[in-house]
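In: 3D, please:
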Amino acid sequence: MGHLDHATFGWLTPVLSYVMASIGAALGLRCTVRALGATGRSRRNWLITAASAIGTGIWTMHFVAMLGFGVTGTEIRYDVPLTVLSLVVAVAVVGVGVFAVGYGRGRTRALVLGGLATGLGVATMHYLGMAALRLHGQVHFDPLLVGLSVAIAVVAATAALWAGLNIKSPAAVAVASLVMGGAVSSMHYTGMLAVSVRGTPSATTLPGATAMQFIFPLAVGLGSYLFLTSAFVALSPTTGEREASASAQRPVETVAH
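Out: As a prediction, this is how the structure comes out:
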């Protein structure tokens, strides 16, 4: 049985992955709040941004954490197409959830369906990412811990969507995002506790790319996207600010006529 190390770089990868999950959650919640205060194309665009932020944050959290994953007696590589597919799945399923909340007529029903779809999608993203692992040996999963990780994902997703519907102030969003980052990290490490590896010594070269060849550059790129999008959202005026600006300009326009 190969010895598994989930933090080969110490606390660096767990802390950094938690930060990325929290940033994605904070950005997604702020975009959802903006979407609920908008209409038409603007609402759709805010929801798309929310889905990409949360999905990207979750994916980045997973693979930053995986940078610290090691198994004695074997190197680890990643199947590139499966890894990219896990990113697409993460963004797509989060999109289903936020659009259900953004356009759903029955709030409770939309919340339940959106949370279930998003949670199952997040779990699918995680296990697709695990399926992308290439190592000398066989990977096994504890079914009970897998089920627990899926349940955590569903609860975390539902809580995130509820927060998007009910939490408006920036301070409350910040607190909610920290909680969501912890929930997503808990789901990941619960899923990783379900993993065991039976090593098979081999001198053959593994297919795929190493973490530093593929995962690290992609995670850095997506992390940069989250930071840049955060700056855009922070500088973009809210609906209330636009309405206040418009009302302040109306008397001036009347005098001009």
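
In: and Gly37, its phi and psi?
Out: phi -100, psi 0 (degrees, to the nearest 10).

In: apologies, that question was intended for Ser196.
Out: Phi and psi for Ser196, reported as degrees, to the nearest 10, are phi -140, psi 150.

In: what's the closest non-adjacent residue to it?
Out: Leaving aside its sequence neighbours, Ser196 sits nearest to His140 (Cβ to Cβ, 6 or more residues apart in numbering; 4.9 Å). Bear in mind the C-beta positions are built from the backbone N, C-alpha and C, glycine included.

In: who's in contact with that neighbour?
Out: Applying Cβ atoms under 8 Å, 6 or more residues apart in numbering to His140 gives the contacts Val195, Ser196, Val197, Arg198.

In: can I take it that it is in a helix?
Out: No - according to DSSP: H, G, I helix; E, B strand; the rest coil, His140 belongs to no helix; its state is strand.

In: quick check: it vs Tyr127, distance?
Out: Applying Cβ to Cβ, to the nearest Å, the value for His140 to Tyr127 is 13 Å.

In: please, where are all the helices along the stretch 151-257 of the chain?
Out: 170-193, 216-235, 239-256 (DSSP state H, counting those that start in this stretch).

In: the last one - what's its average pLDDT?
Out: Right, the one you point to is helix 239-256. Averaged across helix 239-256, the pLDDT comes to 54.

In: now the first one
Out: Taken as a whole, helix 170-193 has a mean pLDDT of 87.

In: on that earlier part again, which of the contacts of His140 are buried?
Out: Val195, Val197 (16 or more other Cβ atoms under 10 Å).

In: now the element after the lengthiest helix in the chain, going C-ward?
Out: If you go by DSSP state H, the chain has its longest helix at helix 40-66. Downstream of helix 40-66, the first helix or strand assigned by DSSP states H and E is strand 70-71.

In: pull the residues that contact that next one.
Out: Gly2, His3, Leu4, Asp5, Thr8, Ile76, Leu135, Gly137, Val197, Gly199.
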